[in-house]
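J.: Sequence and predicted structure below; questions after.
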Amino acid sequence: MSLPFYVSPEQVMQDKAEYARKGIARGKSSITLEYAGGMVLMAENPSSLSKIGEIYDRIAFAGVGKFSEFDQLRKIGVRYADIKGYQYSRDDVRGRALANAYSQAIGDAFTRELKPLEVEVIVAEVGDPGLVGHDQNEIYRIQYDGSISDHQDFCVIGGSADEMRSHLSANYRTDLPLGEILRLGRAALARANDGKASVNEDNLEVCILEKARIGRKFRRLDADELRQHLSG
Amino acid sequence: MRFSGFGSGSEARWGYDGSSFSELLQIEYPHLAFDLARCGNLERLNVPHGTTVLAFKYADGVIVAGDRLATEGMRVASRDVQKVYATDDHSMIAIAGAAGPAIEMARIMRIELEHYEKIEGQALELDGKANKLSQMIRANLPAAMQGLVVVPLFAGYDLRRKQGRMWKFDVTGGRYEEAEFEATGSGGLYARESLKKSHYARASKREALEMAVQALTDAADEDRGTGGIDTVRGIFPTVIYCSEPGIDQAPASEIREVYESILSRRSNGRNGAKS
C-alpha cells in the first residue's frame, strides 16, 4: 500500500475555494436591490431555467453558479419554509433562519466534501409594514464556503460582482420607484457584460417582492411588463 | 433543515425530492402527519361536524358557498366556522364532515398547491389539483372507516378550458365531476333540491349569489344542523366566486341585502319564487 501524500489543510481549503470561485466566475451575476415598494431581484439569464425563485410569503431566493446545485438549494429552502409555516405560523418563517441554515449546509459541504458547491446565493426578505418587528427588509448573502453576510440597499453575487458593486455604490439611492431601480439594475448588470452598453431585456430575469401585496408578495415580471417599466 | 450529508453522491443526500407537500410530510416528518386511525374507534368521539356546502356554475365561472355552523351531535360547536377556503388563485375547497380533519385537509391542500407551484415553477392544472385532493381523501380512509368522514367539494376555474368546473368526492377518494351544481353535508340534500329549481348556468354574479343564499336558507329551514343567516350576530355564509381573473369573496353587506330581499319575498307569501 502506498502512503498518500501529505497535503496541508490550508492548501486543501485554498484549492477548494479556488475551484468554487472559478466555477462561480464562469456564470452570470445576479443582484438584489431595495426600492420604494419592496425589493427587486434581477439576473441576466438568457435561458428559461430560473435563477430566482419564491421561497415563502415574503422571502425570495437568487442563486448563481452551477444551476443544478443552487436549484437544489432553492427547493430545499421551499421545503424548509413550507414545513416551518405548517408547523408554526406563516409569520414564523423568517429569512434569517433560512439564511443560517443555508450557511450551515453550504459550509458543511465545503469542509466535508471533496468538491465544494460552486454556488453563491441570496436570501431576500421584504418587510411587512403591518407586522411590528417584521417591517425591515433583509438581504443575506451566502458564499460557497458557507460564509454569510447581511446587506443593506443592494447585494451582488456572481462573477463580476466588483464592477457591478462599484457602479451601484456610485448610483444607488434609497426609495427609488420601480422603473428607476430596474434601469439601475440593468445598467449594473451591463457592467459585467464584457463592456457591452446594455443588457437586452429579453435576457433579463426579474422578480419582485412587493410590500403592498397581501399574502404571497413574490411576483415574476413578464417580458411586456418589464419592457414597459424599463422604457417608462 | 435537512441538508446534512450534502454532496455525498448518493440519492438520499437530499432527502425527499418530489414536489408534493403531503408526501414530504409523511416521508420526512411522520411525527407531524399523525394518523388518527391509529387511535381505534373514533365513532363515539364527539367532534364538531360541518354542515352544508354547495357549488354551482354561473356565467363567469363557479361559485362555492357554505353556512357557518359546526355541530357536536345536537349541540352548536361553533357559529362562525369557515368551511369554504380558497386553495389558490383559481381553486377552492368546501368542506363537510368532521371539521377538524376537514379543515386540516383544506389547509394541507392549500400548502400542497403553493408548494408544487414553487418547486416546479408552474401551477398544477385544475384536473391535477382535483386528482391530488382525491388521493388525500383516500389516504384518510382509515380514519373515515372509524367515523371521521371528510368529503369536500372542490371547484375552480380551468384556465386551459376557460370554464368553471367542480367535483364531489366519496370517502374512498372517488372523484366525480359535476356539470351544473352540487351540495353536500347534512343539509346538502335540501340545498340541492333548491338549486335544482333555481339553477341556471348563465346566471350573472348577482343572480348566482341570490341562488346560493336561497339554497342555504332552504337548507337551514329543513335541516336543524345547518346554520341560518344570523343577522343578530352578523354571521353570514361564506360565498366565494372563482372566474378567470381569480378568486373573489362576496361581502357580508351584499349577502345581507340579498337575504333580506329573499325574506321579504317569502313573507309576502311568494316563497322561493321570484316576482
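T.: Received the coordinates, thanks. Everything numeric here is computed off the predicted structure, so don't read it as measured data. Numbering: from 1, shown residues only, chains lettered A, B, ... in the order given.

J.: hey, let's count contacts and neighbours off CA atoms from now on
T.: Will do.

J.: Helix or strand next in line after the longest helix seen in chain B, which one?
T.: When chain B is parsed with DSSP state H, its longest helix is helix B:99-120. As assigned by DSSP states H and E, the chain's next helix or strand after helix B:99-120 is helix B:126-139.

J.: which parts of whichever helix or strand comes after that next one are buried?
T.: Once the chain leaves helix B:126-139, the next helix or strand it forms, by DSSP H and E, is helix B:141-145. Buried residues in helix B:141-145, counted by 16 or more other C-alpha atoms under 10 Å in any protein chain shown: B:141-144.

J.: again with stretch A:64-78
T.: Going by neighbour count (16+ other C-alpha under 10 Å), the buried part of stretch A:64-78 is A:64-67, A:69-71, A:73-78.

J.: from the residues you listed, which ones fall inside strands?
T.: Among the buried residues of stretch A:64-78, the members falling in strands (DSSP state E) are A:64-65.

J.: Between the buried residues of stretch A:64-78, which sits nearest A:F110?
T.: Among the buried residues of stretch A:64-78, A:E69 lies closest to A:F110 (C-alpha to C-alpha), at 13.0 Å.

J.: quick one, what contacts that closest one?
T.: A:117-119 (C-alpha atoms under 8 Å, 6 or more residues apart in numbering or on different chains).

J.: what does the average pLDDT come to for the longest helix of chain B?
T.: What helix B:99-120 shows for mean pLDDT is 94.

J.: Among the buried residues of helix B:141-145, which one sits closest to chain A?
T.: The closest of those to chain A turns out to be B:A143 (C-alpha to the nearest C-alpha; 21.3 Å).

J.: wouldn't that closest one be in contact with B:L45 here?
T.: No - using C-alpha atoms under 8 Å, B:A143 is not in contact with B:L45; the gap is 11.9 Å.

J.: ok, back up a step: can you lay out the buried residues of stretch A:64-78 as JSON lines showing pLDDT?
T.: Below are the buried residues of stretch A:64-78 laid out as JSON lines (pLDDT from 0 to 100):
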{"residue": "A:V64", "pLDDT": "96"}
{"residue": "A:G65", "pLDDT": "95"}
{"residue": "A:K66", "pLDDT": "95"}
{"residue": "A:F67", "pLDDT": "95"}
{"residue": "A:E69", "pLDDT": "95"}
{"residue": "A:F70", "pLDDT": "96"}
{"residue": "A:D71", "pLDDT": "96"}
{"residue": "A:L73", "pLDDT": "96"}
{"residue": "A:R74", "pLDDT": "96"}
{"residue": "A:K75", "pLDDT": "96"}
{"residue": "A:I76", "pLDDT": "95"}
{"residue": "A:G77", "pLDDT": "96"}
{"residue": "A:V78", "pLDDT": "96"}
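
J.: Now, the buried residues of stretch A:64-78 that are in helices?
T.: Per DSSP H, the buried residues of stretch A:64-78 map to helices at A:67, A:69-71, A:73-78.

J.: what's the closest non-adjacent residue to the residue most central in space within chain B?
T.: Centroid-nearest residue in chain B, with C-alpha atoms, centre = their mean: B:A94, separated by 1.1 Å. Once flanking residues are discounted, B:A94 sits nearest to B:V84: 4.3 Å by C-alpha to C-alpha, 6 or more residues apart in numbering or on different chains.

J.: wait, isn't the one you found in contact with B:M92?
T.: Yes - contact criterion C-alpha under 8 Å: B:V84 and B:M92 qualify, at 7.1 Å.

J.: so where's the chain uncertain?
T.: Picking chain A for this. A:1, A:193-197 (pLDDT under 70).

J.: Let me rephrase: I mean chain B.
T.: Those would be B:1-14, B:271-275, if you go by pLDDT under 70 across chain B.

J.: quick one, helices of it?
T.: Under DSSP H, chain B gives helices at B:21-28, B:99-120, B:126-139, B:141-145, B:188-198, B:205-222, B:252-267.
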